[in-house]
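Q: The following block contains a protein sequence and its predicted model.
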Amino acid sequence: ATSRHRLRRPSAHIMLLAATLFFIPAAALPPPTSAGALVVGGSGRVGGSTVRWLYELSRRHGSGGLPVAIGGQSAATFAAAQRRLLQKGVPAAELQFVPMDVEASVDALRPVVRGRAIVVHTAGPFQGRRDPTLLAACVAEGVPYVDVCDEWPLAQQAKASLHQPAIDQKTTAVTAAGIWPGASALMAAEAVSRLGSGGCEKLDLSFFTAGTGNAGPTIVSATFLLLCQDALTYSGGREVQKEPWTERVEVDFGPGVGVRAGWLLDNPDVPTCHVALRVPSIASRFGTAPMPWNYRARRPTPPHAPAPAAACPA
């Protein structure tokens, strides 16, 4: 089974996020006077599309428009996002700016999330982070949470440290719920289910994005950060760490995209699908266009290798 999809519009990235809110019946949505939703990183491309669809879908479900706040560090960036969203039909008066630092402590973040209907975390890249403080703040305040985390160690830490507290608080939290990882894992689950009782012995996840896929520069920075760490794969049920951007394969993505090359790259869908779908052999690959960009993708430094002395701060 091969997961195939294209990232062309940020709105496609967002549908899964917006749908998370609407697992709540329309009648249960908070009134317009509540604190509403907080989209952290909502001034970016992915976050901005999240804001747009939260607003649009809340109106479509008859709640009169869910109040949406954008969390970030720059009022100027927020103002620019307001102008872009106005062109997409989101009135500027409907949006509120909440100054915040996603790297702040749990105690500092709790007042920011308190009383929200939901918090959506889109402020990537997630690579290099190890402490899910925003999620911890939401769990402590009993606020539903969803993010687009694509960093497996961070997702692991979130599950290990906050699973039981979330249960105790009766709080729903969904991590790694973007298009990939996220919707791609649902595609894989659907493909495996169609194989019937015989199960699936091998799962190949393949992704292609031309340039940034209109998702903004974060996808580029995240890709280069992923090149600094091994690609987690499974072979015959055994975990195998492999050199990133190796083992090229050609994948047919169908009409409009055609055959594209892909290389190994770390993806949280690999371990989660291995466990949830009981597939013994899984690998994930990524490719981009134009083709020369693929050949510039080289691991900057081996994992765990000390940085050059000249790169260290004084």
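A: Looks like it arrived, so ask away.
Q: hmm, who's touching stretch 230-241?
A: Residues from elsewhere that reach stretch 230-241 (CB atoms under 8 Å, 6 or more residues apart in numbering): 152, 242-244, 264-267, 270-271, 274, 279-284, 303. Where C-beta positions appear, they are placed from N, C-alpha and C, glycine not excepted.
Q: 6 Å - rerun?
A: Here stretch 230-241 makes contact (CB atoms under 6 Å, 6 or more residues apart in numbering) with 242, 244, 264, 265, 266, 270, 274, 280, 281, 282, 283, 303.
Q: Repeat that for stretch 82-95.
A: Applying CB under 6 Å, 6+ apart, the contact partners of stretch 82-95 are 52, 55.
Q: What is the nearest of the contacts of stretch 230-241 to residue 188?
A: residue 282 (8.6 Å; CB to CB).
Q: Surely that closest one is in a strand?
A: Yes: looking at residue 282 with DSSP: H, G, I helix; E, B strand; the rest coil, it is inside a strand.
Q: Can you tell me which of the contacts of stretch 230-241 is closest to residue 136?
A: The nearest member of those to residue 136, counting by CB to CB, is residue 266 at 23.9 Å.
Q: Now the nearest residue to that closest one once chain neighbours are set aside, what are its backbone angles?
A: Nearest non-adjacent residue to residue 266, counting by CB to CB, 6 or more residues apart in numbering: residue 231, 4.7 Å away. Backbone torsions for residue 231, taken as degrees, to the nearest 10, come to phi -90, psi 120.
Q: Please report phi then psi for residue 121.
A: Torsion angles at residue 121 (phi, psi; degrees, to the nearest 10) stand at phi -100, psi 110.
Q: quick one: average pLDDT of the helix ranked longest in the chain?
A: The longest helix of the chain (DSSP state H) is helix 152-169. Averaged across helix 152-169, the pLDDT comes to 95.
Q: Tell me which helix or strand residue 77 sits in.
A: helix 75-87 (DSSP states H and E).
Q: so after that helix, what's the next helix or strand?
A: Following helix 75-87 in sequence, per DSSP H and E, is strand 95-99.
Q: where does the stretch 151-300 of the chain dip in pLDDT?
A: Along the stretch 151-300 of the chain, segments meeting pLDDT under 70 span 213-219, 298-300.
Q: quick one: the helices in it?
A: Using DSSP state H, counting those that start in this stretch, the helices of the stretch 151-300 of the chain run over 152-169, 183-193, 218-226, 269-276, 291-296.
Q: any chance of those in TSV, with distance to residue 59 too?
A: As requested, these are exported to TSV (distance: least, CB to CB, whole Å):
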stretch	distance to residue 59
helix 152-169	29
helix 183-193	23
helix 218-226	28
helix 269-276	32
helix 291-296	39
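Q: hmm, who's touching stretch 73-81?
A: If you take CB under 6 Å, 6+ apart as the criterion, stretch 73-81 is touched by 43, 48, 70, 72, 97.
Q: For residue 119, see how far away the nearest residue to residue 178 once chain neighbours are set aside is.
A: In space, and not counting its chain neighbours, residue 178 is closest to residue 148: 3.4 Å by CB to CB, 6+ apart. Look at residue 148 and residue 119: by CB to CB, to the nearest Å, they are 12 Å apart.
Q: same thing with residue 47?
A: Residue 47 sits 12 Å away from residue 119 when distances are taken as CB to CB.
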